[in-house]
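Visitor: Quick one, structure for this:
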Amino acid sequence: MSENSNTILHTVIIKTRKMRELVDFYGKGLELGEATPFGPDHMGFSLPNAYFGFDLVGEGDAVSPGAVSAWFEVDDLQSSFERFESSGAVVIYPPTKKPWGAILAALKDPDGNVFGLAQRGTNPIEIELLSRS
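Guide: Just a heads-up that it's a prediction; the model follows:
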């Protein structure tokens with residue numbers, strides 16, 4: 001990415017046949033509170049730097065779990081990981097210190113989508129980018 005780029009992640013939308021289940025799953029796991037409904041087929045959370053939403057799709061619509069993964073930076077990785085695990089997430093790998101220093105965990109939600117958790121302040125790449133600001 002160019003140093004002059006102002007590109008930021010703005011929105012992540014997961015398409016699902018289990019909208020209420022996924023809203024509750026992520027809301028509990030990330031302690032997001034109540035999602036905001038926008039009609040009968042969309043709900044979401046306004047996060048500090050992005051919007052995280054869910055579209056309800058019909059039986060005939062294509063849904064490809066795992067095609068996109070969302071990663072969330074959290075203050076307490078272990079607690080978040082345990083909340084998701086107790087809510088039925090399938091563990092891909094538990095909190096693990098990666099060779100570059102970041103502490104990450106990866107799981108699958110009830111729809112089979114891969115999502116990750118990152119311990120805030122452990123990613124050297126992120127720390128370097130913040131120090132340039």
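
Visitor: Just list whatever residues bridge to S46.
Guide: Y51 (DSSP bridges).

Visitor: With W71 instead?
Guide: G116.

Visitor: What does R20 show for phi and psi?
Guide: Here is the backbone geometry of R20 (degrees, to the nearest 10): phi -60, psi -40.

Visitor: residue contacts, it?
Guide: Contacts for R20 (Cβ atoms under 8 Å, 6 or more residues apart in numbering) come out as M43. (Glycine included, C-beta is placed from N, CA and C.)

Visitor: at 10 Å what do you get?
Guide: By Cβ atoms under 10 Å, 6 or more residues apart in numbering, R20 lies in contact with A35, P37, M43, F54, L56.

Visitor: any idea how far the last one lies from G29?
Guide: Taking Cβ to Cβ, to the nearest Å as the criterion, L56 is separated from G29 by 20 Å.

Visitor: Looking at those two, which is more packed in?
Guide: In this view L56 and G29 are compared by other Cβ atoms under 10 Å, and G29 has more residues nearby, 24 against 18.

Visitor: quick one: the more buried one and F115 touch, right?
Guide: Yes. Assessed by Cβ atoms under 10 Å, G29 is found in contact with F115 at 8.9 Å.

Visitor: which residues are in contact with both of these two?
Guide: Common contacts of G29 and F115, defined by Cβ under 10 Å, 6+ apart, comprise F72, F84, A89, L107, D109.

Visitor: Inside strands: which ones of these?
Guide: Here DSSP state E is the test, and the shared contacts of G29 and F115 give F72, L107 as lying in strands.
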